[in-house]
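Q: my questions concern the predicted model and sequence given below.
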Amino acid sequence: MRFLGCLLIVACSSFTSAVQGEEQVEGQLVLTHELVEAQYALQLARLQVREYQFVTLPATRRALDDQVELAETEIAVLSRRLRDYEPFLRVGEYSPVRTAAESFSLSYVAAEQRLRQLQDARIDLMRSTRQQYTLYNLQVLHAMTRVAQLRREQLADAQ
């Protein structure tokens with residue numbers, strides 16, 4: 001989020017100097033409010049692509065990877081504990097050890113389910129990443145088209 005804020009400040013400062021008045025000319029183009037707004041929308045769309053690519057997506061991946069690693073470690077610990085309890089489970093049906101072993105068994109099943117859900121979330125993230133890139137790139141394309149249209153209109157009016 002800080003990355004997006006910093007880039008937004010830089011983009012806004014470059015436009016602020018250009019919007020001092022409508023009399024400034026860039027080549028043959030006059031900077032109008034519409035053109036500045038279109039340029040702003042273009043820069044914002046580009047910033048959103050970069051923010052997703054370099055901030056949001058890596059953070060989400062890291063969080064999922066960390067959770068998967070934690071679930072795998074939890075499964076390994078619970079599995080070891082259940083193996084350690086096996087010799088004591090032969091003693092009797094109502095042993096206090098059996099209650100602890102059943103508790104670990106339930107925790108083991110819950111950890112396996114959580115791991116499967118996290119793995120599914122990781123796969124969903126990979127699938128949705130392409131869609132997110134497409135959406136962000138369409139926003140950039142739309143903004144670029146608007147800027148180009150305004151520039152063409154200005155050039156046509158100037159001739």
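A: Thanks, I have it.
Q: so which elements touch the helix or strand Arg80 falls within?
A: Taking DSSP states H and E as the definition, Arg80 sits inside helix 57-85. Packing partners of helix 57-85 (3 or more Cβ pairs under 8 Å, 6 or more residues apart in numbering; DSSP states H and E): helix 96-158. Quick note: C-beta positions are derived from backbone N, CA and C, even for glycine.
Q: now the helix it packs on against helix 57-85, angle please.
A: Between the axes of helix 96-158 and helix 57-85, defined by axes from the mean of the first three to the mean of the last three Cα atoms, to 10 degrees, the angle is 170 degrees.
Q: now do helix 96-158: distance to the chain's middle.
A: Taking Cα atoms, centre = their mean, to the nearest Å, one finds helix 96-158 lying 6 Å from the centre of the chain it belongs to.
Q: got the contact list for the closest residue to Ala143 other than its chain neighbours?
A: Spatial nearest neighbour of Ala143, excluding adjacent residues (Cβ to Cβ, 6 or more residues apart in numbering): Leu42 at 3.7 Å. Leu42 makes contact with 140, 143-144, 146-147 under the criterion Cβ atoms under 8 Å, 6 or more residues apart in numbering.
Q: let me have the residues you listed in JSON lines, extended by neighbour count and pLDDT.
A: Putting the contacts of Leu42 into JSON lines (neighbours: other Cβ atoms under 10 Å; pLDDT from 0 to 100) gives the following:
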{"residue": "Val140", "neighbour count": "19", "pLDDT": "94"}
{"residue": "Ala143", "neighbour count": "20", "pLDDT": "94"}
{"residue": "Met144", "neighbour count": "16", "pLDDT": "94"}
{"residue": "Arg146", "neighbour count": "17", "pLDDT": "92"}
{"residue": "Val147", "neighbour count": "20", "pLDDT": "92"}
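Q: ok, these vs Val68, which is closest?
A: Distance ranking of these against Val68, using Cβ to Cβ, places Val140 first at 32.4 Å.
Q: tell me the contacts of the closest one?
A: Going by Cβ under 8 Å, 6+ apart, Val140 touches 42, 45-46, 49.
Q: how about a cut-off of 6 Å?
A: Val140 is in contact with 45-46, counting by Cβ atoms under 6 Å, 6 or more residues apart in numbering.
Q: how about the helix or strand harbouring Ala45: buried residues?
A: Secondary structure assigned from DSSP H and E places Ala45 in helix 33-51. In terms of neighbour count (16 or more other Cβ atoms under 10 Å), helix 33-51 has its buried residues at 35-49, 51.
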